[in-house]
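Novice: Fold the following for me, if possible:
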Amino acid sequence: MKNLFKTKFNTACIVLIPTCIGINYLGKLIASTLKLPLWLDCIGTCIGAILGGPLIGAICGAANNLIYGFTTGDNITLIYALTSLGIGLAVGIMARLSFMKKTSGALLTAVVGGLTAVVISTPLNILFWGGTTGNIWGDALFATTQASGFPVWLGSFLDELVVDVPDKVLTLLIVFAIVKFLPNKLVSLYTSDDTIEKLD
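Specialist: Below you'll find the predicted structure:
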């Protein structure tokens, strides 16, 4: 518990950050281009959070949104840097609490990360976009809830929920598989103490 937020800002972590940002950028670009029902923009954030800790995850997440937003002119992405920061913190904390050692823990981490995204994003959706998310699948559900007389906040919450939780489940399962097979010697470069923990 005492090492929950302890971070090694060594060469390995400094190299890890731009690598994870690049993975995020590519995932978001693919999802946006193909109009996928998922975001796929936090695979790198979760890798950074699991290896480097909550602060590294938060940096990777927020930085990706800012870089993607400024380079593509996607102003919506800029606002959700807060969401990505929250996801990085949440996943990093879960990893430090040893929830990323088994598939069941990875699924629980995915739910926590997804709900964190929903809680942060829903007020932003309402404030800036009238409750929509910009995701074609989620916004279709939002339109249905509004036609049925649901409150805007509930429609926006459900809009975000049906996209974010499945997205994080897929993301964390992918990340779990990646990190599980990383060499012990590589993982040890990021540990916050002298103990090397390997995923079961």
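
Novice: Report the contact partners of the residue lying closest to residue 174 once chain neighbours are set aside.
Specialist: With sequence-adjacent residues excluded and distances taken as Cβ to Cβ, 6 or more residues apart in numbering, residue 174 is closest to residue 43, at 6.0 Å. No exception for glycine: its C-beta is placed from N, CA and C like everyone else's. Contact partners of residue 43, counting by Cβ atoms under 8 Å, 6 or more residues apart in numbering, are 23-24, 27, 171, 174-175.

Novice: one more time with 6 Å, if that's ok
Specialist: Going by Cβ atoms under 6 Å, 6 or more residues apart in numbering, residue 43 touches 23, 27, 171.

Novice: Nearest to residue 76, out of these: which one, please.
Specialist: Nearest to residue 76, judged by Cβ to Cβ, of the contacts of residue 43 is residue 27 at 16.4 Å.

Novice: what comes up buried for the longest helix along the chain?
Specialist: Ordering each helix of the chain by length in residues (DSSP state H) puts helix 152-180 first. Of all the residues in helix 152-180, those buried under the rule 16 or more other Cβ atoms under 10 Å are 155-169, 171-172, 174-176, 179.

Novice: what about residue 190, neighbour count?
Specialist: Residues within reach of residue 190, counting by other Cβ atoms under 10 Å, total 20.

Novice: where do the helices sit along this protein?
Specialist: With DSSP H as the criterion, the chain has helices at 11-34, 43-52, 54-72, 75-79, 81-96, 103-129, 136-147, 152-180, 184-187.
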